[in-house]
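> Could you work out the structure for the sequence below:
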Amino acid sequence: MSYAEAAASSGPAGAKKIPSPPQVETTIEPKGNVEVVPEEEFEKLKKDAKVKVNELKKDAKEKKEQLSKKAKEWEDEGASFLKKVWDQIVLTASQTKELVYSFTSNIVPQTQVAADRALVELQNPVVVVQGLLGITAAIAGYFGIKECHRIHSESKLVIGVHAAIITGLITADSFFFNKYYPVYDKKGTI
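The predicted structure is shown next:
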């Protein structure tokens, strides 16, 4: 006896053999809880079902035709709507092009005039010093604010001192600018 045969022949203690499943009998006569319809009534039900199926087919065909007409209408409306949208896009694009063209045609000469003016002004050493002082003041103000937040100082005295120093520097700067700018102004000579 092989190992597989030995294993198949033995089982748990007290186990019973599993019964084989019931076999289905093929018969012409129905058995059990089956409702039998007389043949005349069955033919009538079959005829009624065909009539009902034909009615449903006819109804479905009508609905399909109606839906096809609606779809055609929607397609035509959609095409006209898309044409309107496209026309609006083209109009907006042309208006934008004209706006950009007019803006650039006006800004280029003004930029040229401003660049020429800046070149003349930058020949004045007072303007150069003024620009450097402005950049330095902006950097100092940034670091001052950063430091104020770092030490969490909200003292009105500290803020007042800083404001007084900044006001004094601006006043001194404007005094020296008004005094020395005309001395080094090159616009009259060019």
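> Quick check: can you list the domain ranges of this structure?
Split into domains by automatic domain parsing, the chain comes to 38-112, 122-190.
> Put together TSV for the ones you listed, with mean pLDDT on each row.
Below are the domains of the chain laid out as TSV (pLDDT from 0 to 100):
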stretch	mean pLDDT
domain 38-112	86
domain 122-190	79
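> and among those, the most buried is which?
Ranked by mean neighbour count, the domains of the chain are led by domain 122-190 with a mean of 12 (mean count of other C-beta atoms under 10 Å). C-betas here are computed from N, CA, C, even on glycine.
> on that earlier part again, got a markdown table for the domains of the chain, with distance to residue 26 too?
Output for these, formatted as a markdown table (distance: least, C-beta to C-beta, whole Å):
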| stretch | distance to residue 26 |
| --- | --- |
| domain 38-112 | 21 |
| domain 122-190 | 95 |
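> Quick one: closest of those to residue 20.
domain 38-112 (37.2 Å; C-beta to C-beta).
> tell me how far the closest one is from the chain's mean position?
Distance of domain 38-112 from its chain centroid, counting by C-alpha atoms, centre = their mean, to the nearest Å, is 26 Å.
> Equivalent analysis for stretch 105-113, please.
With C-alpha atoms, centre = their mean, you get 37 Å for stretch 105-113.
> Make residue 1 into 57 and carry on from there
With 57 as the first residue, the last one maps to stretch 161-169.
> contacting residues around it?
The contact list for stretch 161-169 (C-beta atoms under 8 Å, 6 or more residues apart in numbering) is empty.
> Swap in 10 Å and give it another go.
By C-beta atoms under 10 Å, 6 or more residues apart in numbering, the residues outside stretch 161-169 that reach it are 160, 170.
> Likewise for stretch 202-212?
With contact meaning C-beta under 10 Å, 6+ apart, stretch 202-212 is reached by 199, 214, 215, 217, 218.
> Where strands are concerned, which of these count?
Applying DSSP state E to the contacts of stretch 202-212, no entry is found in strands.
> Mind checking which of these land in helices?
199, 214, 215, 217, 218 (DSSP state H).
> what about the last one, distance to residue 112?
It stands for residue 218. Counting by C-beta to C-beta, to the nearest Å, the separation of residue 218 from residue 112 is 89 Å.
> the strands in the chain, which residues?
With DSSP E as the criterion, the chain has no strands.
> okay, the contacts of stretch 202-212 in CSV with distance to residue 141 next?
Shown next, in CSV, are these (distance: C-beta to C-beta, whole Å):
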residue, distance to residue 141
199, 54
214, 62
215, 58
217, 64
218, 58
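> quick check, nearest of those residues to residue 150?
Closest approach to residue 150 among the contacts of stretch 202-212 (C-beta to C-beta): residue 199, at 50.8 Å.
> Next, the contact list for the closest one, please.
residue 206.
> The same query, at a cut-off of 6 Å, please.
Contacts for residue 199 were tallied using C-beta atoms under 6 Å, 6 or more residues apart in numbering; there are none.
> Would you mind measuring from it to residue 216?
19 Å.
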